[in-house]
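Undergrad: sequence first, then the predicted structure:
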Amino acid sequence: MIDTLQAQLLAPRYIGWLIDGWLTTLWASLLVAAGATVLGLVIAAGRSASRPALLRLSSAYVSLFRNTPLLVQLFFWYFGAPSVLPEAAREWLYAGHVLSFEFLSALVGLTLYAAAYVGEDIRSGIRGVPVGQTLAASALGFTRVQVLAQVVLPQALRIALPPLLGQYMNIVKNTSLAMAVGLVELSYASRQVEAETFKTFQAFGLATALYIVTIGAIEVLAAWAARRQALSPARAT
C-alpha cells in the first residue's frame, strides 16, 4: 500500500523542476508588473494630456497592443524582431548574458502588452481625482508636471490599486504563454515533468496548486486594498 502510494508521487527531482519553474514565473511576473506600471504611468499621462500629438500616440499604443493577440506579440519579439537586427547584434542576444534571450523576449512582449491595460486603469484613476484639486494646485503656482506628479498621480494610484492588482493577476497567468518562446516557467516545467514521468495528474496538479497559491496571495492583497479604499472616505470625514 505504502509502496503503491510512493510510486504515484513525484520524485524530489521533478518537484524541484516545478519549483524552479514557479520561481521563474514569480521573477518574470515581478519584472513585468514593475515595467508595465512604469510604462503604464507614461501611457496614462499621454492619454490624459491636452496635446493632440501625445493623445493620438498613446491612444494608438493602447489600440495596437490591446487588439493584437499576446501570443502573436511574443512570437514577434522572439522570431520577428531579431531578424531585422545586424548579425553581430543577434549573436550577442542569443549568447545570453544576465538574462537569456527567451527570458528577455518574453519580458519585452509581456511588459508592452500589460502596459496597455495598466495604463488604462491608471487613467481611470486619474479621472477619479476631483478636478478641484488640480485647479487648486495650479492656483498655487504648480506646473502641469508638478500637478500630475505630486497631486494627481498619488491619488490616482490609490484609486486604481484594486484593478491594478487584477492586472497583476493576469500577468502571472499570461506568463504561461511564454513557454511558446522557450521560457522555462511553471507551465513549461510541468510539461517537462509530465513528459519525463507520464504522471499527468501529479505534474499539472502541483503546477495548478502553485498558480492558485500565487493568485490567491494577490487576491488577499486586493481585498485588503479594497477595504482600505472603502474606509478612506470615513477617515477623511
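TA: In hand now; what should we look at?
Undergrad: do you know the pLDDT at residue 52?
TA: Model confidence at residue 52, given as pLDDT, is 89.
Undergrad: likewise for residue 133?
TA: In this model, residue 133 is scored at 82, pLDDT.
Undergrad: wait, it sits on residue 151?
TA: Yes. Assessed by CB atoms under 8 Å, residue 133 is found in contact with residue 151 at 5.8 Å. No exception for glycine: its C-beta is placed from N, CA and C like everyone else's.
Undergrad: higher neighbour count, these two?
TA: Taking other CB atoms under 10 Å, residue 133 and residue 151 do not tie; residue 151 has more neighbours (18 against 13).
Undergrad: mind checking the SS state of the nearest residue in space to that one that is not next to it in sequence?
TA: Nearest residue to residue 151, sequence neighbours excluded (CB to CB, 6 or more residues apart in numbering): residue 137, at 4.6 Å. Assigned by DSSP: H, G, I helix; E, B strand; the rest coil, the conformation of residue 137 is helix.
Undergrad: show me what contacts residue 137?
TA: By CB atoms under 8 Å, 6 or more residues apart in numbering, the residues touching residue 137 are 146-147, 150-151.
Undergrad: any low-confidence regions in the chain?
TA: The model of the chain has pLDDT under 70 over residues 1-7, 96, 232-237.
Undergrad: next, the buried residues of stretch 40-50.
TA: Buried residues in stretch 40-50, defined by neighbour count with 16 or more other CB atoms under 10 Å: 40-41, 43-49.
Undergrad: which stretches of the chain form strands?
TA: Using DSSP state E, the chain contains no strands.
Undergrad: would you list every one of the helices in it?
TA: In the chain, the helices defined using DSSP state H lie at 2-8, 12-47, 52-66, 70-75, 81-83, 87-95, 101-127, 131-139, 144-146, 153-174, 186-197, 200-236.
Undergrad: turn these into JSON lines, including distance to residue 180.
TA: What follows is the helices of the chain, written out as JSON lines (distance: least, CB to CB, whole Å):
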{"stretch": "helix 2-8", "distance to residue 180": "30"}
{"stretch": "helix 12-47", "distance to residue 180": "14"}
{"stretch": "helix 52-66", "distance to residue 180": "18"}
{"stretch": "helix 70-75", "distance to residue 180": "6"}
{"stretch": "helix 81-83", "distance to residue 180": "15"}
{"stretch": "helix 87-95", "distance to residue 180": "18"}
{"stretch": "helix 101-127", "distance to residue 180": "9"}
{"stretch": "helix 131-139", "distance to residue 180": "44"}
{"stretch": "helix 144-146", "distance to residue 180": "40"}
{"stretch": "helix 153-174", "distance to residue 180": "11"}
{"stretch": "helix 186-197", "distance to residue 180": "9"}
{"stretch": "helix 200-236", "distance to residue 180": "16"}
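Undergrad: roughly how far apart are residue 173 and residue 218?
TA: For residue 173, the distance to residue 218 (CB to CB, to the nearest Å) stands at 11 Å.
Undergrad: the two: who's more crowded?
TA: residue 218 (17 against 14).
Undergrad: contacting residues for the more buried one?
TA: 165, 168-169, 172.
Undergrad: leaving out the residues flanking it, which one is nearest to it?
TA: Nearest residue to residue 218, sequence neighbours excluded (CB to CB, 6+ apart): residue 169, at 5.1 Å.
Undergrad: count of neighbours near the one you found?
TA: 18.
Undergrad: ok, it touching residue 220?
TA: No. Checked against CB under 8 Å, the pair residue 169 and residue 220 is beyond contact range at 11.4 Å.
Undergrad: which one of the helices of the chain is the most hemmed in?
TA: With neighbours taken as mean count of other CB atoms under 10 Å, those reach their highest mean count in helix 101-127, at a mean of 22.
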